[in-house]
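Participant: could you look at this predicted model? Sequence included:
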Amino acid sequence: MTLKGKKILLGITGSIAAYKSASLVRLLIKSGADVKVIMTSSSTEFISKLTMSVLTKNEVYTDIFSDGSWHNHVELGLWADLMVIAPCTATSLSKMANGLSDNMLVACYLSAKCPIYIAPAMDLDMWKHPSTLSNLDKVTSYGNSIIDVGDGELASGLYGEGRMAEPEKILEVITQHFEVQQDFKGKKVLVTAGPTYEHLDPVRFIGNYSTGKMGIAIVDELANRGAEVHLVLGPSVLKPKSDQVHVYRVQSADQMHQKSIELFKNMDIAILAAAVADYRPKDLSNVKIKKSEKEMTLELIKNPDIAKELGALKNSKQLTIGFALETNNAIENAKSKVLRKNFDFIVLNTLQDEGAGFGVDTNKVKFIYKNGDIKEFELKQKTKVAVDITNAIKKLT
Ligand code: C5P
């Protein structure tokens, strides 16, 4: 039961290989997975909705709208731990490459937050066509994984590459995906994430555009690899996937500071991913500040620098990792920050890099180590950046 408790969303598109999806569902269920199925309407010509519904014991979705009701593709996308599209035709691949969301399957694919595997199936000439190759490049650049096609006899009677991978092979890929190393087992990690809100009065605050996405991606990766994670989270609508993570919700830099200092002594590692406000209003009003005819001047006082304090407190076995978001002289600023705050390394991202920064799903980073070494990465999904950061930390432990 290697997939016990795992939620798998299977997308089936209109290829003759769709008959093999029934075997795939059986294998997934035998392994302990909970499976839900979405089918394109053309796939129902090859295998019936009823078959898939009986096998999965779940409703099978084809249309966003049916019988006057609306199926929530966002919820299904969030439900899944993994989505696999098997078989995936050239048409569906093209829709996924270009975000053409004209059916339930592509809508779910676009709103899914989980890892996505695609098992293509098509005739050999379609498989080799430049448009297919370019669509494969596109979907992999979005962070999806392709399960390689096999070769042999095709539906056209021709022999060559293009057959969907066998269900046993797809099951093996999915199983391997979940067999991640528990290489952080026994490690206690503190992560700060999100913005801070510095209150002016009961209805106003000074804040920033951080969403906490990058920090939470790191939390998810660490928790998945067995770490005991303590997340001190500023105001954010996001939350970690695992309910094993200890989450401490805070508002202001002062509160984040207090909780982080309290936790740090028992931690092996601290990752300071929060966008902490450097200043807060000197005076906090208990009542809403009234508008007047005059200009208004706000006096701000400095907030504690959490990272710097932890850097000063840390012992020889503890690691601290920081983030730097720079708009100019990025490398020099980041290098001096590593030393000033006593980080083991800092993750630098600049707002100049397209696709990097607040709220987006991708990031382009450089790691700058305290000995001056620099490691540069290409633009990738924040979940993949989290893997790079976690791997880099592992090397230092
Ligand atoms: O100095 P700067 O704000 O650019 O430093 C960024 C790094 O320091 C980040 O890792 C951030 O989480 C941390 N930091 C902090 N407390 C502050 C300011 C920044 O922990 N008051």
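Facilitator: Good, I have the coordinates. Numbering: from 1, shown residues only.
Participant: can you map out the strands along the stretch 1-150 of the chain?
Facilitator: Applying DSSP state E, counting those that start in this stretch to the stretch 1-150 of the chain gives strands spanning 7-12, 34-39, 60-61, 65-66, 69-70, 82-88, 116-120, 145-146, 150-153.
Participant: let me have the ones you listed in TSV, extended by distance to the ligand and mean pLDDT.
Facilitator: To be clear about C-beta, it is placed using only N, CA and C from the backbone, and glycine gets the same treatment. Output for the strands of the stretch 1-150 of the chain, formatted as TSV (distance: least, CB to the nearest ligand atom, whole Å; pLDDT from 0 to 100):
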stretch	distance to the ligand	mean pLDDT
strand 7-12	33	98
strand 34-39	38	97
strand 60-61	42	93
strand 65-66	45	70
strand 69-70	41	68
strand 82-88	31	98
strand 116-120	31	97
strand 145-146	31	93
strand 150-153	47	85
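Participant: got the ones you listed as CSV, with mean neighbour count columns?
Facilitator: Listed next are these as CSV, based on neighbours: other CB atoms under 10 Å:
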stretch, mean neighbour count
strand 7-12, 26
strand 34-39, 24
strand 60-61, 22
strand 65-66, 10
strand 69-70, 8
strand 82-88, 27
strand 116-120, 24
strand 145-146, 15
strand 150-153, 12
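Participant: nearest to Val173 among the ones you listed would be which one?
Facilitator: Evaluated with CB to CB, these place strand 116-120 nearest to Val173, the distance being 6.3 Å.
Participant: in this structure, which spans are helices?
Facilitator: Ranges of helices in the chain, per DSSP state H, are 19-30, 49-56, 73-79, 90-98, 104-111, 124-128, 130-141, 167-178, 213-224, 253-264, 306-313, 330-340, 382-396.
Participant: make JSON lines from these and add mean neighbour count to it.
Facilitator: Converted to JSON lines, those look like this (neighbours: other CB under 10 Å):
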{"stretch": "helix 19-30", "mean neighbour count": "19"}
{"stretch": "helix 49-56", "mean neighbour count": "17"}
{"stretch": "helix 73-79", "mean neighbour count": "17"}
{"stretch": "helix 90-98", "mean neighbour count": "20"}
{"stretch": "helix 104-111", "mean neighbour count": "23"}
{"stretch": "helix 124-128", "mean neighbour count": "16"}
{"stretch": "helix 130-141", "mean neighbour count": "14"}
{"stretch": "helix 167-178", "mean neighbour count": "17"}
{"stretch": "helix 213-224", "mean neighbour count": "25"}
{"stretch": "helix 253-264", "mean neighbour count": "19"}
{"stretch": "helix 306-313", "mean neighbour count": "19"}
{"stretch": "helix 330-340", "mean neighbour count": "17"}
{"stretch": "helix 382-396", "mean neighbour count": "18"}
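Participant: mean pLDDT lowest where, among the ones you listed?
Facilitator: Of all those, helix 73-79 carries the lowest average pLDDT, namely a mean of 84.
Participant: elements contacting it?
Facilitator: strand 7-12, strand 34-39, helix 104-111 (3 or more CB pairs under 8 Å, 6 or more residues apart in numbering; DSSP states H and E).
Participant: other residues contacting the first one?
Facilitator: Right, the one you point to is strand 7-12. Applying CB atoms under 8 Å, 6 or more residues apart in numbering, the external contacts of strand 7-12 come out as 18, 21, 24-25, 28, 33-40, 43, 47, 52, 76-77, 79-88, 92, 105, 108-109, 112, 114, 174.
Participant: write out the residues of the protein neighbouring the ligand.
Facilitator: The chain has residues 192, 253, 272, 274, 276, 278, 303, 305-307, 322-324, 337 near the ligand, with proximity defined as CB under 6 Å from any ligand atom.
Participant: would you write out the PyMOL command that picks the buried residues out of those?
Facilitator: The PyMOL command for the buried members of those (criterion: 16 or more other CB atoms under 10 Å) is given here:
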select buried, resi 192+253+272+274+276+303+305+306+307+322+323+324+337
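Participant: which of the residues of the chain next to the ligand lies closest to Leu263?
Facilitator: The shortest approach to Leu263 among those belongs to Thr192, at 9.9 Å (CB to CB).
Participant: now that closest one: closest residue in space that isn't a chain neighbour?
Facilitator: Ala274 (3.8 Å; CB to CB, 6 or more residues apart in numbering).
Participant: swap in Lys308?
Facilitator: Lys341 (4.7 Å).
Participant: pull the number of nearby residues for that neighbour.
Facilitator: If you count neighbours by other CB atoms under 10 Å, Lys341 ends up with 20.
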